[in-house]
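Visitor: below is the structure, and that's it, no one-letter string:
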């Protein structure tokens with residue numbers, strides 16, 4: 001997954017829909033355009049793993 005999707009993944013927990021981008025702000029903007037006002041899970045995709053867990 002790292003080779004294709006290095007960066008950030010934003011997940012909408014109810015639907016499981018996700019948005020991936022190298023830039024966290026871009027990924028979050030994509031998420032918010034589809035799910036305004038809803039909470040999300042933000043994780044980083046890189047060599048060391050993620051910055052959080054589900």
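Guide: Looks like it arrived, so ask away. On a predicted model such as this, the values are computed, not experimentally measured, just so you know.

Visitor: hey, let's count contacts and neighbours off CA atoms from now on
Guide: Fine.

Visitor: average pLDDT across stretch 31-41?
Guide: Stretch 31-41 shows a mean pLDDT of 94.

Visitor: what does stretch 7-27 give?
Guide: Taken as a whole, stretch 7-27 carries a mean pLDDT of 92.

Visitor: between its first and last residues, how far does it reach?
Guide: End-to-end distance of stretch 7-27: 9 Å, with C-alpha to C-alpha, to the nearest Å as the criterion.

Visitor: chain center to it: distance?
Guide: Its chain's C-alpha centre and that of stretch 7-27 lie 2 Å apart, by C-alpha atoms, centre = their mean, to the nearest Å.

Visitor: pull out the buried residues from it.
Guide: 7-12, 18-21, 24, 27 (16 or more other C-alpha atoms under 10 Å).

Visitor: over to stretch 26-40?
Guide: For stretch 26-40, the neighbour count (16+ other C-alpha under 10 Å) marks 27-28, 30-32, 40 as buried.

Visitor: between the buried residues of stretch 7-27, which is nearest residue 44?
Guide: If you rank the buried residues of stretch 7-27 by distance to residue 44 using C-alpha to C-alpha, residue 8 comes first, at 4.4 Å.

Visitor: what ranges does the protein have for its helices?
Guide: Secondary structure of the chain by DSSP state H: the helices cover 24-34.

Visitor: you'd agree residue 28 is up against residue 7?
Guide: No: Residue 28 lies out of contact with residue 7 (C-alpha atoms under 8 Å); the separation is 11.9 Å.

Visitor: quick one: residue 15 from residue 35, how far?
Guide: Per C-alpha to C-alpha, residue 15 is found 10 Å from residue 35.

Visitor: could you find the closest non-adjacent residue to residue 32?
Guide: residue 38 (7.8 Å; C-alpha to C-alpha, 6 or more residues apart in numbering).

Visitor: next, give phi and psi for residue 40.
Guide: phi -140, psi 170 (degrees, to the nearest 10).
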